[in-house]
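A.B. asks: I would like to see how this sequence folds:
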Amino acid sequence: MADPADLFHLGGKVAVVTGASSGLGRRAALTLAAAGAKVIGLARRQEALESLCSGIGSAAAYVVGDVTDRDGFSALVEAISDPFGAPDIVVHAAGINTREPADDVTAEGWDVTLALNLSAPFFLSQALVPSMKDKGWGRIVNFASLQTTRAFPGGIAYGATKGGIAQLTRAMAEAWSPHGITANAIGPGFFPTELTQAVFSDPNRAARNAAQTCIGRNGTIEDIDGPILFLCSDASAYVTGQVLMVDGGFTAK
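C.D. replies: Take a look at the predicted model:
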């Protein structure tokens, strides 16, 4: 029997992580690098990406780019593959929540939210899948949300994209898993990131969210490590088309 620890080892793999400049994206990049992968951080903030790469070392590179820019998309895909070769793993952690109430949703806010949260994960994956097919191995990890199945105030556009992510993940699995490419999603609960700053800046609101979980606390950044590593490694070889809620049991109550 092989050493179970080998199931989680990512030596020889290349991963690209969108939204790697901060929050759960940054943590995902650090986790995959610690497991042996070479990592490309993709985001719009160069200084933050430089900081990420300096913390990892020679196994990391970065690309400054906008995954929603259709005109520059081909060049962006080429830049991603330039440092270490075509990625085996893609983690779609970039996201936006405009928090517009339903009656105040603007066309601009709606379009920006769908472009980044839903369209970009599909089109970037589609562009990277051919090389994964050639290798017969690939991992796609999307980011779902509590709002994949729950409606929150001010979240109609965001929630629509995250509901879409669940179906996109299943459709990706149906299309690409016969070629050795798994597609799954992580659904984080409340973690302290830039995206949830408004939540954690209100102690009472944060406490209410913690009480809603089965565990009795909100997430810490370390809580994402195991799920990310599981879905990006051979440990999840027979898992595809699934949404793994990492929410302390928030959606179980």
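
A.B. asks: how about the helices of the stretch 101-250 of the chain, start to end?
C.D. replies: Taking DSSP state H, counting those that start in this stretch as the test, the helices found in the stretch 101-250 of the chain are 107-114, 120-135, 156-176, 197-200, 203-212, 225-232.

A.B. asks: now tell me what touches the first one from outside.
C.D. replies: Pointing back at helix 107-114 there. The set of residues external to helix 107-114 that reach it, using CB atoms under 8 Å, 6 or more residues apart in numbering, is 68, 96-98, 100, 157-158, 160-161. Just so you know, the C-beta spots here come from the backbone N, C-alpha and C atoms, and that holds for glycine as well.

A.B. asks: for S54, grab the count of nearby residues.
C.D. replies: For S54, the count of nearby residues is 9 (other CB atoms under 10 Å).

A.B. asks: check which residues of the helix or strand hosting it are buried.
C.D. replies: With elements taken from DSSP states H and E, the one containing S54 is helix 46-56. Neighbour counts using 16 or more other CB atoms under 10 Å place 48-49, 52-53, 56 of helix 46-56 among the buried residues.

A.B. asks: identify the farthest-apart pair in those residues.
C.D. replies: Put simply, by CB to CB the two of the buried residues of helix 46-56 set farthest apart are A48 and I56, 13.2 Å from each other.

A.B. asks: my read: A37 touches V17, true?
C.D. replies: No. In terms of CB atoms under 8 Å, A37 does not count as a neighbour of V17; the distance is 9.8 Å.

A.B. asks: neighbour count for those two, which is higher?
C.D. replies: For A37 versus V17, neighbours defined as other CB under 10 Å are more numerous around V17 (34 against 27).
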